[in-house]
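[1] this one's sequence-less:
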Ligand SMILES: N[C@@H](CCC(=O)NCCCC(=O)O)C(=O)O
């Protein structure tokens, strides 16, 4: 059990508050809006922040009001897939399961966060949502594309095996991610069936897999930190150097924005 890092910020500054996306699940006769604990602990352990799960209630949420009160947005991974109609494709059983309520929340939230210059870290499904939110498309089963490998997780009931670090990606020279992780090859985990087909305008490629699959992007003209990765830095944030560096960079981007925004950072 890894002790969570204290969420107290620098003297006089409160810790960053991070809006975290929620999956919608039905169980015990209720509809739940939830996020896996690994992402929540990556916010506390990885950057000393406070995670705040945002329910997937769609357009009843005032995204502008929310983004005036949080310091960052973290979009989690999920087994569900983005509903194909959001990127102009026809729903196909092969692309199930869906979580349309989540899509109806994260896609406008992404656009609002970029508009407000709120730091954004999009992971796996979140990375795919970032591409779709800005007009890109996805391929439902990348392992069926000629020349691509299987990016799905190993079959196992052991999460450490499923999230094992086992794939090379090449971080683009001079990229945002390159400044955080260093250019060149890093090793990551891989647990996805879908992948970027058409890259959205306004996104820059930050890393690719050896088979050409886009593995990381940034928002080209973002006011601040706006990065998406297809892998899962949250899972090994306390022990894997690139994972830890990415979450610390996300935290630094939030703290820098807090420090330059009057009244945002002061601890009450
Ligand atoms: N469903 C999408 C996105 C993949 C993703 O977010 N994986 C994280 C879930 C990990 C798990 O399987 O427990 C896709 O398949 O591409």
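    Received the coordinates, thanks. These numbers were taken from a predicted model, which means no experiment stands behind them.
[2] can you read off the pLDDT for the residue nearest in space to the middle of the chain?
    Residue closest to the mean C-alpha point of the chain, counted by C-alpha atoms, centre = their mean, is residue 122 at 1.9 Å. The predicted local distance difference test score for residue 122 is 99.
[3] again with the one 3 residues further on
    pLDDT for residue 125: 98.
[4] likewise residue 4?
    The per-residue pLDDT reported for residue 4 equals 47.
[5] in three-state terms, how would the closest residue to the residue nearest to the centre of the chain other than its chain neighbours be classified?
    Among residues not flanking residue 122 along the chain, residue 228 sits closest, at 3.6 Å (C-beta to C-beta, 6 or more residues apart in numbering). C-betas here are computed from N, CA, C, even on glycine. Assigned state for residue 228: strand (three-state reduction, DSSP: H, G, I helix; E, B strand; the rest coil).
[6] right, and residue 228 touches residue 216 too?
    Yes - Residue 228 is within contact range of residue 216, at 6.5 Å (criterion: C-beta atoms under 8 Å).
[7] pull up the overlap in contacts between those two.
    Shared contacts of residue 228 and residue 216 (C-beta atoms under 8 Å, 6 or more residues apart in numbering): residue 127.
[8] and the closest residue to residue 232 other than its chain neighbours, how close does it get to residue 230?
    Nearest non-adjacent residue to residue 232, counting by C-beta to C-beta, 6+ apart: residue 189, 5.2 Å away. As for residue 189, its distance to residue 230 is 10 Å (criterion: C-beta to C-beta, to the nearest Å).
[9] what helix or strand is the residue nearest to the centre of the chain located in?
    strand 120-123 (DSSP states H and E).
[10] just checking, what packs against that strand?
    Under the contact definition 3 or more C-beta pairs under 8 Å, 6 or more residues apart in numbering; DSSP states H and E, strand 120-123 sits against strand 72-75, helix 100-116, helix 125-133, strand 226-229, helix 241-260.
[11] contact partners for residue 98?
    Residue 98 touches 80, 81, 82, 83, 91, counting by C-beta under 8 Å, 6+ apart.
[12] 7 Å - rerun?
    Shown in contact with residue 98 (C-beta atoms under 7 Å, 6 or more residues apart in numbering): 80, 81, 83.
[13] so the second one makes contact with residue 195?
    No - under the criterion of C-beta atoms under 7 Å, residue 81 is not in contact with residue 195, lying 11.2 Å apart.
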